[in-house]
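**Q** this one's structure only:
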């Protein structure tokens, strides 16, 4: 029997080859999901680790030695973390004091004295070389210049300790002389090697230096010192970690922490590695969740095409099956003889597809992910491959059932069989019900695309395709009848070929499903790409963002204006302090004049130009400017209660941002007095931020006074009328009883201020010029939910008014607001440091912008650009998984084209006699060859976008776009139409081209028959 089946397969090699290829394709599609998941898993781990901050990639072990000579720590830790994926860097340090040769010219500095494994390989020497012997040390280039040293000079060093009382470092050991052998600069201070040791922190401290001194371990032991601060920084070698051993890294860290718990002294093991592994595991889970969404319909399509192919081939063998039945062959033998050649071909094709699928996906992964990590063949040996094989065999057997259950007389008739009257509708109802169930589980289950909900996207497309195919064919029937009445033979034959040809409805549904999956994949990819673009644009705020070292807000504005006076490409920004009131969202202060030219503004209802105008309305009151000359304040103190050492303070902010000045104008005296003092910090002019009465220890007091005038060098800056205008002056805002401020009233000779009954409450006797709008206008995100106040730059209560609302604000997204930095600075008289200072750069920023900023004294500490951040999001799990959707959609289009070619080939063989008869009766060649293939493709191309749209609208919010917290961003309802139209057009053109060629072959066969 087996030999007979093989002989039948050889005799009908074309049909056997078709079954072989389709089974191979089905198995390759099934294998593609687990293989791609394995490759994508490795890619996600690699990209996640690369994008993680240093603290998430390093295990930091810290300890202070109980005695200066204790070596237990440095001997034990390498044993605890021996082997595995860890590479360790040991370091130890203590504080020293370096004494310059001439104390009159240079002060001593107190750097950290550090030994660190392999430090020389991570230092660049501007002069000299690295240390070799225990008598040699290397200093930073800045330290060498500060101490006025040269290579080869002796360096006098002693152990030092911190004195918390004086806030200084004191010498605590004898002096030792080393030789300066090199001047270094770190090659990359942000390198993983340095961990978080904070060696190059730019913040000024009492050390009088910001870099350490490096030496050998013997050099450190050669000097008498106190306890050492020791550290092991254990970096994970991720190249040795695969998907199976990934979670073992956390277990190794936990085990090491437990072993170090018994070490003498206080040993601390710190790492954010669990956060990294948790985030990457979530990313991996998303890949495993999303990839099958595309693999399932691809496998179903393969089964469907196989069903069509085997069913068509079985119909061609109806006479053969009828003769077997007529000669008394038993039913089991007839089933085996009918299905055997298909089963043999399918088994052979499945074996070939299992191998092909691995290498096909590895090629696709190399093209889509830039990686084709080696995946063993066993990776595809999963329930997917078994299900694909069983489904292919089931499809083949089911396709032959319709013919095998017929009576012998029906098999011997040369009349095509019609579809059963109830089987197809029942099947369609089942598919529609299953689609509805999957959607319900998806939308109500809340667990995402798992379980039966996994089938929701493809089930919706298939259900719409089946219903549309059933609705279209009756329409084609009516079109054929109308064409027949009008005598149009070609359209009549084409329409009747569609409606009466066996399996046409299945083929139309197949085309709709294939094109629908292409459109769905393109829609998901385009909408997700749009969401990633939108998120990066909003969270970054500008095409490029530079972080700079801490400096005053005035300095930030001044220096950026020096680089870009017109606000064409640079915008200074600073965060406002986090409010104690949880109802106040994060706020960002920006130099709004540059907003239209710099920011990546995303709101369509409110333009950037309008937002700029709303944030910076005209005040009408100019800023009071002063110089470094004598400033005179004329004021009368009528009464002073509990004020024993109260003094007048003028608060001025230099225009160049060199530092706020609090100038003591003198002790307060009752009666009318003039208080005079020069302003040395105002060489380049200053802004008068306010006038204050201050008592040491911030003690409160009552006061009644009148301020008359303010003059400088004989020139009146503010006269009595100017002070009497109460709209021109204000006091700090007083939220409730927390802060008492004076009551301001106009007097004929100036401004009268009165504060009484303070009763121990906090007081703020400040007179502030009104050179900024108050309440301060803000632009808020619509969903931010803010009241009528915020925390100002000086951390005080600041009333606000909502000038406009947008969907998202730059950098803060859906929860935040914008204020003008200059106005917010004027409302905060402290003139303090900018919080998280950054410079937003627009598209017109010159290539040397960093050099220009550094020339103004701004030190750039971070540089983030749209391109790299966007690329990082493209390497997250959801984006990686969606690329498989595009790959699967392309395969679906190719499969549909193959199915069309198969159907056309079978039709050409079966209809050759019919067409020759029509030509003999005088029907034109063009009309006789009318087949309706193009109409079939065109109909499917029109229906497919609607099927894809229905699926997309129902599952959109459940298709993950970001692996981490989405911060309110999700895939767009309507994606960019360009990519979707290109994908739809390409797939439709492929099917149309096959239809044209197939029709040409059919007409050619007709012509040959004519001759």
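**A** Done, it's in. For clarity, every value in this text was computed on a predicted model and none was experimentally measured.
**Q** List the buried residues for the helix or strand where residue 953 lies?
**A** Assigned by DSSP states H and E, residue 953 belongs to helix 933-955. Going by neighbour count (16 or more other Cβ atoms under 10 Å), the buried part of helix 933-955 is 933-941, 943-945, 947-952, 954-955. (Each C-beta comes from the backbone N, C-alpha and C, glycine too.)
**Q** Okay, residue 124 and residue 109: tell me how far apart.
**A** 21 Å (Cβ to Cβ, to the nearest Å).
**Q** do residue 588 as well
**A** From residue 588 to residue 109 the distance is 38 Å (Cβ to Cβ).
**Q** same question, residue 116
**A** Look at residue 116 and residue 109: by Cβ to Cβ, they are 19 Å apart.
**Q** With neighbour numbers in mind, choose between these two.
**A** Shown here are residue 116 and residue 109; by other Cβ atoms under 10 Å, residue 116 has more neighbours (24 against 21).
**Q** which residues does the more buried one form a beta bridge with?
**A** residue 91 (DSSP bridges).
**Q** So which residues make contact with stretch 613-625?
**A** By Cβ atoms under 8 Å, 6 or more residues apart in numbering, the surrounding residues in contact with stretch 613-625 are 590, 592-593, 595, 685-688, 710, 717-718, 727-728, 769-773, 777-779, 803-804, 818-820, 822-823, 826.
**Q** what do you get for stretch 506-513?
**A** Under Cβ under 8 Å, 6+ apart, the answer for stretch 506-513 is 297, 301, 304-305, 307-308, 458, 461-462, 464-466, 468-469, 472-473, 498, 892, 896, 899-900, 903, 936-937, 939-941, 943-944, 947, 991.
**Q** Show me the residues you listed that map onto helices.
**A** The helices, defined by DSSP state H, take in 297, 301, 304-305, 307-308, 458, 461-462, 464-466, 468-469, 472-473, 498, 892, 896, 899-900, 903, 936-937, 939-941, 943-944, 947, 991 from the contacts of stretch 506-513.
**Q** Which of the contacts of stretch 613-625 fall within helices?
**A** 595, 822-823, 826.
**Q** Most neighbours out of those residues, which is it?
**A** Of all the ones in helices among the contacts of stretch 613-625, residue 595 has the most neighbours under the rule other Cβ under 10 Å, reaching 27 neighbours.
**Q** give me every residue that touches that one.
**A** Residue 595 touches 571, 601, 608, 611-612, 615, counting by Cβ under 8 Å, 6+ apart.
**Q** Please convert these to JSON lines, extending it with distance to residue 558 and neighbour count.
**A** Below are those laid out as JSON lines (distance: Cβ to Cβ, whole Å; neighbours: other Cβ atoms under 10 Å):
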{"residue": "571", "distance to residue 558": "14", "neighbour count": "28"}
{"residue": "601", "distance to residue 558": "25", "neighbour count": "22"}
{"residue": "608", "distance to residue 558": "24", "neighbour count": "20"}
{"residue": "611", "distance to residue 558": "24", "neighbour count": "24"}
{"residue": "612", "distance to residue 558": "20", "neighbour count": "22"}
{"residue": "615", "distance to residue 558": "20", "neighbour count": "27"}
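**Q** Low-confidence ranges, the stretch 401-550 of the chain, go.
**A** Scanning the stretch 401-550 of the chain for pLDDT under 70 picks out 401-427, 445-449, 451-452, 477, 479-480, 483-484, 486-503.
**Q** Fine by me, thanks again.
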